[in-house]
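> 3D model of this:
(chains A, B, C and D)
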There are 2 protein chains.
Amino acid sequence: MDHNIPDPSVRRLSAYLRQLERLAGEGTRHVSSRQLAGYIKAGDAQVRRDLALFGQFGRRGVGYEVDDLINVLRTILGTRQRQWPVVVVGAGEICHALLTYRGFRQRGFDVVAAFDIDPKKIGRTIGGVDVLPMEDCAPVIQRLEVRLAILAVPADAADETARRLCECGIEGILNFATTGLEVPEGVFVSEADITSHLEQLSFRLTSHRP
Amino acid sequence: MDHNIPDPSVRRLSAYLRQLERLAGEGTRHVSSRQLAGYIKAGDAQVRRDLALFGQFGRRGVGYEVDDLINVLRTILGTRQRQWPVVVVGAGEICHALLTYRGFRQRGFDVVAAFDIDPKKIGRTIGGVDVLPMEDCAPVIQRLEVRLAILAVPADAADETARRLCECGIEGILNFATTGLEVPEGVFVSEADITSHLEQLSFRLTSHRP
DNA sequence: GTCCGTTTGTGATAAATTTCACGATCAGGG
DNA sequence: CCCTGATCGTGAAATTTATCACAAACGGAC
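From the prediction side, this is the model:
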């Protein structure tokens, strides 16, 4: 089992997990690769291949057991054994939305603190999470062994803030800023810029014939 | 010039545009494919290939003119000629964050209305945008010729709401819900589920050796 | 116990995407 | 004017990713 798992496969694994959780909620016990493929835009062989990257989890002639597969996928994605502590940097509107969203915990993520440089925001508590001064980020990250950060600061502060987070030992950044980040080797960035998402859509709705 | 532009290329085009806008802001006039590639994780040939899918925009020995390339990319992505009206469905925290974000307009998107079913939310104005009852979505979408929607409702309402939007003529949905959507042929969906993004990161930080 | 319809796992194949490598073009300097 | 260093555009090659297709395995019916 090697390290070179393609990004698209990992994205699909998340998507499978979403569907399986829904099926489990509805009481469904078994599911086939064909069904699972139907929910997202993919073929059944694709589903089996994605899973085959990590082992054999189904039974021929039967399919997959929903609960089993949920556990398998959580293990693969790293959210089964542990709860990941996460910090949010930048206590603006996005931060507010993140801190009041109750769904992270049950999916393996736990927002433990928010940071900002604005004294007016520092000291507040949003959704049970304290907004702390940016200076405190290093000790908090180290003490709580935080490896993931969500970056929700204005574009012009993003790169500098990211650099600082990496110095504190952050290894994965979910980036809501519009800027691309420059991070050291070994730090992963996932881009969540909403405008880019909208551009994907406007591109597809725009005719590209000469 | 055909229709089969790979998704990864479109994502990178957005990323190039982000960098170019930054460079323009700093007063930079010219940029090479190598520089542009340096900002995102890619090779210089990759940059040139992506652009070559649509034409020839550089000058050999010189590189690309920043302003020109910005216009080219906006044209390609569909945000140069027109301003895209967008509706947000679900007036929760995410909606609040979207409506108070001032950056959409300058990138070609214009949130024209928000919808909700909760009477307590209807009638408010957030960031200059009115929250309207869900019943009004069909006439508003048709009158303003809205083709893009941002879906920010709870997971259990997502699929039904998406179906309804498609009936109103929506052709592209940016989906913040955790559920995968089932949409008719010809409707594009871009997934923005934050948990999935975090899972991408936790996967990469999790060791995958036997 | 055997047959039948179903579904997985996977080798082989096909398709898509990325990288390589080089000729063509350009600006600047001597 | 011609040489030099830089850079694009792109055919060809390499690599990665997705699909096909079929043997193996399973449950249920009879």
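> going forward, measure contacts between C-alpha atoms and count neighbours the same way
OK.
> next up, the contacts around A:I141.
Contact partners of A:I141, counting by Cα atoms under 8 Å, 6 or more residues apart in numbering or on different chains, are A:V87, A:R147, A:C168, A:G169, A:I170.
> got the contact list for the third one?
When you say that, I think you mean A:C168. Contacts of A:C168 were listed using Cα under 8 Å, 6+ apart, and they are A:C137, A:A138, A:I141, A:Q142.
> what residues sit buried inside whichever strand or helix holds the third one?
Per DSSP states H and E: A:I141 is located in helix A:137-143. Counting neighbours by 16 or more other Cα atoms under 10 Å in any protein chain shown, one finds that the buried residues in helix A:137-143 are A:C137, A:A138, A:V140, A:I141.
> what pairs with the helix or strand just after it, and is each one parallel or antiparallel?
Once the chain leaves helix A:137-143, the next helix or strand it forms, by DSSP H and E, is strand A:148-151. Strand pairing for strand A:148-151, determined by DSSP bridges: strand A:84-89 (parallel), strand A:172-175 (parallel).
> distance between the longest one and the chain's centre?
Per Cα atoms, centre = their mean, to the nearest Å, the displacement of strand A:84-89 from the mean C-alpha position of its chain is 11 Å.
> residues in contact with the following helix or strand past that strand: which ones?
Reading on from strand A:84-89 to the C-terminus, the next helix or strand found by DSSP H and E is helix A:93-100. Residues outside helix A:93-100 that contact it (Cα under 8 Å, 6+ apart): A:88-89, A:111, A:114, A:126-129, A:152, B:93-94, B:96-97, B:100.
> now list the buried members of the residues you listed.
Among the contacts of helix A:93-100, those classed as buried by 16+ other Cα under 10 Å are A:V88, A:V89, A:V111, A:A114, A:I126, A:A152, B:E93, B:I94, B:H96, B:A97, B:T100.
> buried sites along stretch A:49-62?
Across stretch A:49-62, burial judged by 16+ other Cα under 10 Å covers A:D50, A:L51, A:F54, A:G58.
> where's the second one, which helix or strand?
It stands for A:L51. With DSSP H and E as the test, A:L51 turns up in helix A:44-52.
> name the next helix or strand downstream of that helix, please.
Downstream of helix A:44-52, the first helix or strand assigned by DSSP H and E is strand A:64-65.
> is that next one positioned near DNA strand D?
No: using Cα under 7 Å from any atom of the strand, strand A:64-65 never reaches DNA strand D; the gap is at least 11.2 Å.
> ok, stretch A:42-60 next?
Yes: with Cα under 7 Å from any atom of the strand as the criterion, DNA strand D is reached by stretch A:42-60 at A:A42, A:G43, A:A45, A:Q46, A:R49, A:R59, A:R60.
> those residues into JSON lines, with extra columns for distance to DNA strand C and pLDDT?
Rendered in JSON lines, the data for the residues of stretch A:42-60 next to DNA strand D read as follows (distance: Cα to the nearest atom of the strand, whole Å; pLDDT from 0 to 100):
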{"residue": "A:A42", "distance to DNA strand C": "13", "pLDDT": "93"}
{"residue": "A:G43", "distance to DNA strand C": "10", "pLDDT": "95"}
{"residue": "A:A45", "distance to DNA strand C": "5", "pLDDT": "97"}
{"residue": "A:Q46", "distance to DNA strand C": "8", "pLDDT": "98"}
{"residue": "A:R49", "distance to DNA strand C": "4", "pLDDT": "97"}
{"residue": "A:R59", "distance to DNA strand C": "5", "pLDDT": "95"}
{"residue": "A:R60", "distance to DNA strand C": "3", "pLDDT": "96"}
